[in-house]
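**Student:** Give me a model of this one.
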Amino acid sequence: MQNIQLYIEGNRMDMFKDESVSLTQTIQNVKDIAKVFTNFTKTFSLPASKENNKIFKHYYNYDIVGGFDARIKKSATIELNYLPFEKGKIKLEGVDMKNNKPYAYRITFFGNTVDLKDLLGEDKLDALTWLNNFKLNYTNSQVKLRLQAGLDVTVDSVTYADAVITPLIAHNYRLYYDSSTHVQDSRNISFVGSGQKNGVLWSDLKYAIRVHTIIKAIENEYGLTFSTDFFNTTNSRYHNLYLWLQRKKGNLIQDDQTFTSQVTNFDGIQNPVYVSGDVIGETLTVERTITNISLTTVMSDTSISYDVLIYRNGALFTSLIDNTGNLSSEQFSFTGDLEDGELTAFVRGRDSVTFNTFTLGFVNIKPNNPSEQTVGAGNAEITETIEFLPTQNVPEIKVIDFLTGLFKMFNLTAFTLDDGTIKVDTLDSFYSAGTSYDISEYVDIDSSQINIALPYKEIIFKYKGTKSLLASVFNQLFNREWGSLEYNNNESLDGGIYKVELPYEHMQFERLTDGADNSTKNVQVGYMIDENEDPIKGEPLLFYAVYNNSSPTSISFLETLGQSHIEIPESSFTGYYIPSNSVALDSSTDDTTIHFGLETNEWQPSGVFDGSLFEDLYSTYITDVFNTKRRLSKVKAFLPLKILRNYTLADRFVINNRSYKINSITTNLGTGESDIELLNEV
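**Tutor:** Got it, this is the predicted structure:
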């Protein structure tokens, strides 16, 4: 028998003498290969002793003010015979009562990896305010510059090279190349000399941000540290990946609309007890709950139509749309109370205008008197220069969904190390780091099972979005989705179909040919339009950005419609960014792709780009699962403490000279009895 000790936030808990505590561990289950699992226990009970009542703050008494918050998991540690065994979180499920008195607290223990889902919650990418370190103006000159040279940004002494770029992905039109005719304002990107007025218009393009900066933003926003086993700058399969910054379909700016930077120079603080920080800057920090916000403006031109947007902690909170003239204590309406947070005001106008004063007021500051408290006044000016904030332009996707998508894409595993670092690596790398334990003498030979390991007949790997023009046409022509893979080992099997779906768009790009002579040009483009060539929003688009500097075809760029085009690359640059589904344009350089299966490469159709997601990251595990010799064995074993405390799910258990991977293991921590699912190595 093992002696179990449980600590919750450092407090030793009293235990029932004969309470059964079972811990289940699995890193990736053959029955659900797309999920990353964590350790968890079945719900067990703690006695409602004097000490436990104190720690749980008499949870059964709901009249207690400031009692134990069972909505939030608490840090916990399990020891076996007073030796460290497992760290994680506990969740209080409820209290069992007997004779109207507390008898037992029901709790569940979870391993640390579950923190991700709890911590990220329902937040979307626009909550990652750290991304605004990579802000830049959205102007014809900046779009043109970032098409030819990425934006390098240094944050906290770390330089992020080519963090923001402009890829040749159009959101409104299909780009084409024809050296024989140059219609004014057409999206023909052929450049044959100065004086012509065709080409890609600067506002047809949007920026893209390196996925690595999003990972860093998640770390900074939530206080996480991911290991650099996979998330590193030398791993081109990951580091060369970009997210296209499209939040809505079509133009970023409407023809009759301009934007400003945020309102700054707030001063005139009347009630500093309610505001902290240097408000002569970018934000006001509210330190008390308020029930409303008021706004007063005085404009230099009261005929201009404008919107006022209030952001809280980097995400849009409330707005006043289509205002004209001065506002006098205009009320922002919202449900409930506004808790502590940073408020930032933006103005969006239809023309250039200056606000002589711009005053924010807080109403009904609790628990004080319900009177308006003016906390700051400043000024704002709408100009043609548009500040491009990544948080306002990232696609609408939850942080957890974006991160989970990356884990599915690259078949990653994650678990928390003792120092709090979340170790992230591919499944193959995870298993390669394991060692072996011979458990033959501890196995109960009286009962065991040997079952079929394959619970399904086919696995479908796919992207959620394949609706852009060329991908959609591909789907119709070949009766399958672009970049997808249906794996069944070329066999007709029994069972269900398992789907691994990424929450991203997967675009088919186009290497252009000259309409004049059908010659292939050294330029590749993409466009987010449908079969009718209408703009679509699409799912969040991930792609590889390739700097095209090997004999790139000169293309035409329009800074303004009706004016002469500009040659790209300009004389001071060697190339420009093109989108790709492969890390490199030549398979002999790098055959890595973000297709699940083997697809014809858009740039080099004759190349063999067989470094697909499945081939490089899934095939070892999946082909083993489909192997006719593969079995899922179930055994009981009484593992000694020296194994229980030291094995990891990357290790192998050896029984009678046969080696097995651990599919799952459930251990009664008191008795040491383990129910183990094992996959024989083939």
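
**Student:** And the pLDDT at L470?
**Tutor:** Among the per-residue scores, L470 holds a pLDDT of 97.

**Student:** Once you drop chain neighbours, what's closest to it?
**Tutor:** Nearest residue to L470 in three dimensions, chain neighbours excluded: Q508, at 3.8 Å (Cβ to Cβ, 6 or more residues apart in numbering). Heads up, the C-betas are built off the backbone N, CA and C, glycines and all.

**Student:** S556 too?
**Tutor:** G199 is the one closest to S556 (Cβ to Cβ, 6+ apart), at 2.9 Å.

**Student:** go on, E93?
**Tutor:** E93's closest residue in space is R106 (Cβ to Cβ, 6+ apart), at 4.2 Å.

**Student:** Dig out what that neighbour forms beta bridges with.
**Tutor:** S45, G94 (DSSP bridges).

**Student:** Please shift the residue numbers so they start at 37 in all later answers.
**Tutor:** From this message on, residue numbering opens at 37, which makes the last subject R142.

**Student:** so it makes contact with K78?
**Tutor:** No: with contact defined as Cβ atoms under 8 Å, R142 does not count as touching K78 (10.5 Å).

**Student:** Spatially central residue in the protein, please.
**Tutor:** F438 (2.8 Å; Cα atoms, centre = their mean).

**Student:** which ones are touching it?
**Tutor:** By Cβ atoms under 8 Å, 6 or more residues apart in numbering, F438 lies in contact with 161, 250, 539, 576.

**Student:** helix or strand for it, which one?
**Tutor:** For F438, the element it lies in under DSSP states H and E is helix 435-445.

**Student:** Extract the C-alpha set from that helix and format it as CSV.
**Tutor:** This file holds the C-alpha atoms of helix 435-445, laid out as CSV (Å, rounded to 0.1, in the frame of the first residue of the first chain):
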residue,chain,number,x,y,z
VAL,A,435,-6.5,31.8,-29.0
ILE,A,436,-7.1,28.2,-27.9
ASP,A,437,-8.5,27.2,-31.3
PHE,A,438,-5.5,28.9,-33.1
LEU,A,439,-3.1,27.1,-30.8
THR,A,440,-4.9,23.8,-31.0
GLY,A,441,-4.8,24.1,-34.8
LEU,A,442,-1.0,24.3,-34.7
PHE,A,443,-0.8,21.3,-32.5
LYS,A,444,-3.0,19.3,-34.9
MET,A,445,-1.1,20.6,-37.9
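
**Student:** which element follows it toward the C-terminus?
**Tutor:** strand 448-452.

**Student:** Packing partners of that following strand?
**Tutor:** Packing partners of strand 448-452 (3 or more Cβ pairs under 8 Å, 6 or more residues apart in numbering; DSSP states H and E): strand 458-462, helix 463-468.

**Student:** What average pLDDT does the first one get?
**Tutor:** Meaning strand 458-462. 90.

**Student:** Taking strand 448-452 as reference, get the angle to it.
**Tutor:** Calculated by axes from the mean of the first three to the mean of the last three Cα atoms, to 10 degrees, strand 458-462 forms an angle of 160 degrees with strand 448-452.

**Student:** Just give me how far strand 458-462 sits from the chain centre.
**Tutor:** 15 Å (Cα atoms, centre = their mean, to the nearest Å).

**Student:** Mind listing what's buried along that strand?
**Tutor:** 458-462 (16 or more other Cβ atoms under 10 Å).

**Student:** what's the answer for the longest one, then?
**Tutor:** Of the residues in helix 463-468, those with enough neighbours to count as buried (16+ other Cβ under 10 Å) are 463, 466-467.

**Student:** all helices of the stretch 487-636 of the chain, in order?
**Tutor:** Using DSSP state H, counting those that start in this stretch, the helices found in the stretch 487-636 of the chain span residues 505-514.

**Student:** And the residue nearest to D54 when sequence neighbours are not counted, how far from I40?
**Tutor:** In this structure, D54 finds its nearest non-sequential neighbour in G706, 7.9 Å apart by Cβ to Cβ, 6+ apart. Noted for G706: a distance of 6 Å to I40, by Cβ to Cβ, to the nearest Å.

**Student:** Settle this for me: D652 is touching T628, isn't it.
**Tutor:** Yes: contact status for D652 versus T628: in contact at 7.2 Å, counting by Cβ under 8 Å.

**Student:** anything in contact with each of those two?
**Tutor:** R273.

**Student:** give me the low-pLDDT residue ranges for this structure?
**Tutor:** Scanning the chain for pLDDT under 70 picks out 37, 64-75, 149-151, 289-329, 349-350, 367-381, 384-389, 396-421, 489-490, 529.

**Student:** tell me the residue furthest from the middle of it?
**Tutor:** In the chain, counting by Cα atoms, centre = their mean, N135 sits farthest out from the average C-alpha position, at 49.7 Å.

**Student:** Centre of the chain to stretch 533-541, how far?
**Tutor:** From the chain centre to the centre of stretch 533-541 is a distance of 15 Å (Cα atoms, centre = their mean).

**Student:** can you check stretch 224-231 too?
**Tutor:** With Cα atoms, centre = their mean as the basis, stretch 224-231 stands 40 Å off its chain's centre.

**Student:** now do stretch 637-657
**Tutor:** Counting by Cα atoms, centre = their mean, stretch 637-657 comes out at 24 Å from the chain centroid.

**Student:** before we move on, back to that, so for the helix holding F438, what gets flagged as buried?
**Tutor:** Buried, per 16+ other Cβ under 10 Å, within helix 435-445: 435-436, 438-445.

**Student:** Turn those into JSON lines, including distance to S355.
**Tutor:** JSON lines is the format used below for those (distance: Cβ to Cβ, whole Å):
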{"residue": "V435", "distance to S355": "23"}
{"residue": "I436", "distance to S355": "26"}
{"residue": "F438", "distance to S355": "25"}
{"residue": "L439", "distance to S355": "29"}
{"residue": "T440", "distance to S355": "31"}
{"residue": "G441", "distance to S355": "30"}
{"residue": "L442", "distance to S355": "32"}
{"residue": "F443", "distance to S355": "35"}
{"residue": "K444", "distance to S355": "35"}
{"residue": "M445", "distance to S355": "35"}
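
**Student:** and of these, the nearest to N524?
**Tutor:** K444 (19.4 Å; Cβ to Cβ).

**Student:** In which helix or strand does the residue found closest to T190 once you drop the neighbours it is linked to in the chain reside?
**Tutor:** The shortest distance from T190 to any non-neighbouring residue, by Cβ to Cβ, 6+ apart, is to Y196 (7.5 Å). Assigned by DSSP H and E, Y196 belongs to strand 194-201.

**Student:** circling back: can you tell me which of the buried residues of helix 435-445 lies closest to D358?
**Tutor:** V435 (31.6 Å).

**Student:** do you know how far that closest one is from R246?
**Tutor:** The gap separating V435 from R246 is 17 Å, by Cβ to Cβ.
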